[in-house]
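Asks: Sequence unavailable; structure follows:
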């Protein structure tokens, strides 16, 4: 079979999935599906449900390449949230529920609902060189689509990403307050949850970049290099600055939360090096996983992804 495209036989798809996982260990099943669909052969789009179509292994691997930054983020109610969700408006609607175990009838049950449209915007915790690709993961999302029929056998959590920019995105989802069809003053429940508990799970992937002005008139550059990567022991961050300036070097986890501040001091112009021991801000060893190094100085900031393998850093 050709490497650049072939019939979507199950062993071949499994092999490509394994290669993708080796590039980005944090990929989950939903991510694999999106990557294959985004890099498919246009004349015969890939259908993950039936395994039919053409996939392009080279394009898929380039899409998630080891130099790409990938993160799983939550928007809304979560300890890992990178942004809020707010009620934009509400509307009285009629919804037919099918096969839902909490409804009085076993099959169809029509009732009036207050539908709440939730929306917000989020800025990424670290910069991308260009607009990243992103998608919603049903696993981790608590929100519905705008619908007049809900079938419990087929419905899955839903949200939509609206305009996306290099450093931010807008998103929307819906929740419903279900009222008794005979006594509309009585609330049966919230589906899938109350507005305050709604959340959207996102996967974001793109090329890391520098926010701000990345080059001075004299041509000096601002850059970050990480070695080794992956790491099983101490990791070194090589920071190059265009001039003498105060530099802050921070380690973040895959959710964008701060793990440790590695340096916050005056750096001379040129190349500088700092090390991270693999411990968090309270001195505990961090588990294996994906982390990000973020460097900030003045109006400049950049970040890179690195992987901590099992062992004792």
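Replies: The structure has been received and is ready for your questions. Keep in mind that this is a model prediction, so the values were computed, not measured. Residues are numbered from 1 along each chain as shown.

Asks: List the residues that contact the residue nearest to the spatial centre of the chain.
Replies: The centroid of the chain falls nearest to residue 203 when counting by Cα atoms, centre = their mean (2.5 Å). By Cβ atoms under 8 Å, 6 or more residues apart in numbering, the contact set of residue 203 is 28, 30, 31, 34, 70, 71, 72, 73, 134, 135, 137. Yep, even glycine has a C-beta here, placed from its N, CA and C like the rest.

Asks: Can you list the strands that the biggest strand by length in the chain pairs with?
Replies: Counting residues, the longest strand found in the chain (DSSP state E) is strand 108-123. Partners of strand 108-123 in the sheet, by DSSP bridges, are strand 86-98 (antiparallel), strand 168-179 (antiparallel).

Asks: And residue 166, how close does it get to residue 84?
Replies: 21 Å (Cβ to Cβ, to the nearest Å).

Asks: How about residue 114?
Replies: 21 Å.

Asks: Helices along the stretch 51-200 of the chain, start to end?
Replies: Under the criterion DSSP state H, counting those that start in this stretch, helices of the stretch 51-200 of the chain are mapped to 57-63.

Asks: ok, now the stretch 201-313 of the chain?
Replies: Counting by DSSP H, counting those that start in this stretch, the stretch 201-313 of the chain yields no residue ranges for helices.

Asks: from the strands paired with strand 108-123, which stretch is densest packed?
Replies: strand 168-179 (a mean of 21; mean count of other Cβ atoms under 10 Å).

Asks: just to revisit the earlier point, the more surrounded of residue 114 and residue 84?
Replies: Using other Cβ atoms under 10 Å as the criterion, residue 114 and residue 84 rank with residue 114 on top: 16 against 12.

Asks: returning to that earlier point: what residue, apart from its backbone neighbours, is nearest the residue nearest to the centre of the chain spatially?
Replies: Spatial nearest neighbour of residue 203, chain neighbours left out: residue 31 (5.2 Å); criterion: Cβ to Cβ, 6 or more residues apart in numbering.

Asks: what's around the one you found, how many residues?
Replies: Burial of residue 31 is recorded as 20 neighbouring residues (other Cβ under 10 Å).

Asks: quick one: it and residue 137 touch, right?
Replies: Yes: using Cβ atoms under 8 Å, residue 31 is in contact with residue 137, at 7.4 Å.

Asks: counting contacts, what elements does the longest helix that the chain contains pack onto?
Replies: If you go by DSSP state H, the chain has its longest helix at helix 10-23. Judged by 3 or more Cβ pairs under 8 Å, 6 or more residues apart in numbering; DSSP states H and E, the packing partners of helix 10-23 are helix 29-38, strand 54-55, helix 57-63.
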